[in-house]
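Peer 1: next comes the sequence, and after it the predicted model I'd like to discuss.
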Amino acid sequence: MEKLVYPGSFDPITLGHVDIIRRAAGLCDELIVAVLVNPGKQPSFTIGERVDMIRRCISGIDNASVRSFDGLLAQYLQNIGARAIIKGLRAVSDYEYELQMAHMNKKLNIEMETLFMMASLQYSFLSSSTVKDVARYGGDISEFIPEEIIEDVYAKFGRGKDGIS
Ligand code: COA
């Protein structure tokens, strides 16, 4: 497969996302991590901050890059000449929501395909918000977040590890 897009909010990127990026990059010539706006969420990091953090975390994956887009995902795919996206599934509970989005995206762009990859077991409980909650109270996030951005996440919440402000 030529181009594959991995879309999401990445607020912030976690080790679960990096796991999907690594494995998906092995299946295509070019993997594009696309930071898009999820209108249902109030982000903690700006789009610029998220793109910068992702860039640092994926610098070792040669065929992966990061971009951002403010608009419909279905439109973005057309703009860049890509046909497929990949989404991670952590549990059955992700499925219903993902199915709805996949069908809507297909309605908007008939050429577009949505592929699913099972999240690795050790990351199946991770989400950006739970990691932010741990960081907010100074808990240890080193098992959940790439080391390149640990300080950025603590800094956002005005805390250091062990809860020291
Ligand atoms: N590891 C860790 N966390 C994971 C994960 C994994 N493998 N897979 C999913 N998650 C978590 C994320 O951390 C995030 O957690 P949070 O809710 O605590 O922040 C959550 O699962 C998924 O959220 P998000 O990244 O926002 O993805 P999404 O599936 O809700 O889709 C967009 C977000 C940006 C792709 C979607 O809103 C979009 O396409 N926006 C553009 C506008 C558009 O086209 N809308 C119509 C869509 S039909």
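Peer 2: Done, it's in.

Peer 1: what about Phe10, helix or strand, and which?
Peer 2: Using DSSP states H and E, Phe10 maps to neither a helix nor a strand.

Peer 1: test my guess that Arg23 contacts Met117.
Peer 2: Yes. Contact criterion CB atoms under 8 Å: Arg23 and Met117 qualify, at 6.3 Å. Every residue, glycine included, has its C-beta placed from N, CA and C.

Peer 1: quick one: the strands in the chain, in order.
Peer 2: All strands of the chain, identified by DSSP state E, fall at 3-8, 30-36, 64-69, 84-89, 113-118.

Peer 1: show me what the last one is packed up against.
Peer 2: Contact here means 3 or more CB pairs under 8 Å, 6 or more residues apart in numbering; DSSP states H and E; on that basis strand 113-118 packs against helix 15-25, strand 84-89, helix 92-108.

Peer 1: so for the ligand, which of those sits nearest?
Peer 2: helix 15-25 (2.1 Å; CB to the nearest ligand atom).

Peer 1: tell me how far Asn63 lies from Ala24.
Peer 2: Asn63 sits 10 Å away from Ala24, taking CB to CB, to the nearest Å as the criterion.

Peer 1: can you lay out the strands of the chain as JSON lines showing distance to the ligand, mean pLDDT and mean neighbour count?
Peer 2: Formatted as JSON lines, the strands of the chain follow (distance: least, CB to the nearest ligand atom, whole Å; pLDDT from 0 to 100; neighbours: other CB atoms under 10 Å):
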{"stretch": "strand 3-8", "distance to the ligand": "3", "mean pLDDT": "98", "mean neighbour count": "21"}
{"stretch": "strand 30-36", "distance to the ligand": "4", "mean pLDDT": "98", "mean neighbour count": "22"}
{"stretch": "strand 64-69", "distance to the ligand": "8", "mean pLDDT": "97", "mean neighbour count": "18"}
{"stretch": "strand 84-89", "distance to the ligand": "3", "mean pLDDT": "97", "mean neighbour count": "20"}
{"stretch": "strand 113-118", "distance to the ligand": "8", "mean pLDDT": "97", "mean neighbour count": "15"}
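
Peer 1: lovely, talk soon.
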